[in-house]
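A.B. asks: Sequence and predicted structure below; questions after.
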Amino acid sequence: QVQLVESGGGAVQAGDSLKLSCAASGLAFTTSALAWFRQAPGQGRELVASIGWSLGFTYYDDSVKGRFTISRDNYKNSVYLQMDNVKPDDTAVYYCAAQRHTNIWPNTPQDRLEWGQGTQVTVSS
């Protein structure tokens, strides 16, 4: 059974940094694409960043380019999201997601992904 467990969320001030972590088990981690999504109140779940399992593929939403960095550690079966210079608009529940082999894009059907339970990030101005 696949398990994705997020941690690292919290309440911060605008301009601060925060690092989210996601520990994975029960999947072929080294050949899985990974991603971070977020869902703000009253809105749909949107792709923030994704990372492939080979060839150094990464994707970032325009709203976080230059501020967020996604990375993975295949020895620790973990994926991370370094969030720098956060803004109030970054307030949301952040979810870790995984998919075998295929890179994760904004139009990837979300019902094909494995999901974590989410971690809340709240940014105050």
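C.D. replies: Done, it's in.

A.B. asks: so what's Q39 bridging to?
C.D. replies: In this entry, Q39 is beta-bridged to R45, V93, by DSSP bridges.

A.B. asks: burial count for it?
C.D. replies: Here the count is done by other Cβ atoms under 10 Å, and Q39 has 14 residues near it. Any C-beta I mention is one placed from the backbone N, CA and C, and that applies to glycine too.

A.B. asks: Would you confirm that it contacts A92?
C.D. replies: Yes - under the criterion of Cβ atoms under 8 Å, Q39 makes contact with A92 at 5.6 Å.

A.B. asks: List the backbone torsions phi and psi for the residue nearest to T31 when sequence neighbours are not counted.
C.D. replies: The shortest distance from T31 to any non-neighbouring residue, by Cβ to Cβ, 6 or more residues apart in numbering, is to W53 (5.1 Å). Main-chain dihedrals, W53, degrees, to the nearest 10: phi -100, psi -10.

A.B. asks: what sits against W53?
C.D. replies: Counting by Cβ atoms under 8 Å, 6 or more residues apart in numbering, W53 touches T30, T31, S32, A33, L34, H101.

A.B. asks: Just the buried ones from these?
C.D. replies: Listed as buried from those are S32, A33, L34; burial here means 16 or more other Cβ atoms under 10 Å.

A.B. asks: Look at the closest residue to the last one other than its chain neighbours and give its secondary structure.
C.D. replies: The shortest distance from L34 to any residue that is not its chain neighbour, by Cβ to Cβ, 6+ apart, is 4.2 Å, and that residue is V79. Going by DSSP: H, G, I helix; E, B strand; the rest coil, the secondary structure assigned to V79 is strand.
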